[in-house]
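*Asks:* Structure, please.
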Amino acid sequence: MRVLALLLIGTAVSAQDPVDLAGWINRGVQEFKAARYPEAAAAFERAAAIDPSNVEARLYLGTA
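*Replies:* As a prediction, the model looks like this:
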């Protein structure tokens with residue numbers, strides 16, 4: 001039972017949203033590689049919203 005609780009806590013901690021541009025881009029790349037394109041596009045949109053002048057985030061968003 002304790003092992004299950006630790007696994008659930010670990011999953012909840014690792015599922016937190018990124019807080020910076022690089023984190024959202026990395027999340028988008030991971031989602032894209034896993035063929036979860038709507039989730040990837042959403043992550044790239046968040047990255048582009050953080051820094052609208054960032055070309056990398058916009059290119060990734062266009063690809064997704």
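*Asks:* can you give me the strands for the protein?
*Replies:* With strands called from DSSP state E, the chain shows none.
*Asks:* Do a quick rundown of the helices in it.
*Replies:* Listed in chain order, the helices found in the chain under DSSP state H are 2-14, 21-33, 37-50, 55-63.
*Asks:* Show residues contacting the second one.
*Replies:* In this case it means helix 21-33. For helix 21-33, the external contacting residues (CB atoms under 8 Å, 6 or more residues apart in numbering) are 17-18, 37, 39-44, 46-47, 50-51, 54, 56-57, 60-61, 63-64. Using the backbone N, CA and C atoms, a C-beta is placed for each residue, glycine as well.
*Asks:* Show the buried residues in those.
*Replies:* With burial judged by 16 or more other CB atoms under 10 Å, the buried subset of the contacts of helix 21-33 is 18, 39-44, 46-47, 50, 57, 60-61, 64.
*Asks:* Rebuild the helices of the chain as TSV, extending it with mean pLDDT.
*Replies:* Below are the helices of the chain laid out as TSV (pLDDT from 0 to 100):
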stretch	mean pLDDT
helix 2-14	52
helix 21-33	96
helix 37-50	96
helix 55-63	95
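*Asks:* Report how far apart the opening and closing residues of stretch 24-42 are.
*Replies:* One end of stretch 24-42 to the other measures 9 Å (CA to CA, to the nearest Å).
*Asks:* what do you get for stretch 28-41?
*Replies:* 7 Å.
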